[in-house]
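Peer 1: Here is a sequence together with a model predicted from it:
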Amino acid sequence: MLILLTNDDGIHAEGIIAVEKELRKIAKVVVVAPDREQSASSHSLTLERPLRLYERGKDRYTCDGTPTDCVMMGVYGVMKRKYPDLIVSGINHGANMGEDVTYSGTVAAAIEGSNMGIPSIALSNTDHENFESFKAAARFTARLAKKMKEFELPREVFLSVNFPKLKNGRYVKYRITRLGRRTYKDILIEKKDPRGKHYYWIAGEAEWERVEGSDFQAVTEGYVSISPLRMNFTDHEAIGLLGKHKIRL
């Protein structure tokens, strides 16, 4: 099996180091990761400047772009259009659940893989301050990677995996989940610098809605959450609702 591995926390992040070690036990792994943190970069491509690729060891490269850039560089540059059997993105330092998947660079890399028709997995760890949890998450990922072919998922579907707090050194249960939903409060914080000029932080406290079968519910209850997602945002029910009305042209 040939795996392309990337992330949005950079090539030196604990998460990617842990999962690379485990995946190399079951597959040939090519790493193409950002040279610095690219969190919340979403599905952005770098188009206004050239990209640079640097070799950092055997089958290990950094790119001075986004996670999506890294997938493009990996498949079309390093692999010379030889599609990998699987793209793995992560393990992210922090969760990516609910609407957060739309902001996540980790998830964006998996989206790009699915756009190419390559089976893809995005990995996120809620227990990211506990480095031992990355090792357990990496072991789970290796087992999941070996099962991907058996799932026979449609080519546009990718998996978003979120790991809960680690207990007793391993994960023993998982759920197949849907995306949850949360709202933010005080999302824009305004402050003044020493010269009296205003500056802003985008931040705030999140409140999760209780949605049965959601990723958040599973992780809260100690389960690994596996959410099958797809990029197509079409609301098919709304097509029928809109079709009942006429718009004057």
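Peer 2: Yep, it's here. Residues are numbered from 1 along each chain as shown.
Peer 1: Pull out the buried positions in stretch 42-51.
Peer 2: 42-43, 51 (16 or more other CB atoms under 10 Å). In short, each C-beta sits where N, CA and C put it, glycine included.
Peer 1: ranges for the strands of the protein?
Peer 2: Counting by DSSP state E, the segments of the chain that form strands are 2-6, 28-34, 53-55, 60-63, 86-93, 120-125, 157-163, 174-176, 181-185, 188-192, 198-202, 205-209, 224-230.
Peer 1: outside of the third one, which residues touch it?
Peer 2: To tie it back to what came earlier, the one meant is strand 53-55. 32, 35, 61-63, 73, 77-78 (CB atoms under 8 Å, 6 or more residues apart in numbering).
Peer 1: circling back to that earlier point, can you convert the strands of the chain into JSON lines and add a column each for mean neighbour count and mean pLDDT?
Peer 2: Shown next, in JSON lines, are the strands of the chain (neighbours: other CB atoms under 10 Å; pLDDT from 0 to 100):
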{"stretch": "strand 2-6", "mean neighbour count": "25", "mean pLDDT": "98"}
{"stretch": "strand 28-34", "mean neighbour count": "23", "mean pLDDT": "98"}
{"stretch": "strand 53-55", "mean neighbour count": "13", "mean pLDDT": "96"}
{"stretch": "strand 60-63", "mean neighbour count": "21", "mean pLDDT": "97"}
{"stretch": "strand 86-93", "mean neighbour count": "29", "mean pLDDT": "97"}
{"stretch": "strand 120-125", "mean neighbour count": "28", "mean pLDDT": "98"}
{"stretch": "strand 157-163", "mean neighbour count": "25", "mean pLDDT": "98"}
{"stretch": "strand 174-176", "mean neighbour count": "15", "mean pLDDT": "97"}
{"stretch": "strand 181-185", "mean neighbour count": "13", "mean pLDDT": "80"}
{"stretch": "strand 188-192", "mean neighbour count": "9", "mean pLDDT": "89"}
{"stretch": "strand 198-202", "mean neighbour count": "9", "mean pLDDT": "91"}
{"stretch": "strand 205-209", "mean neighbour count": "12", "mean pLDDT": "81"}
{"stretch": "strand 224-230", "mean neighbour count": "19", "mean pLDDT": "97"}
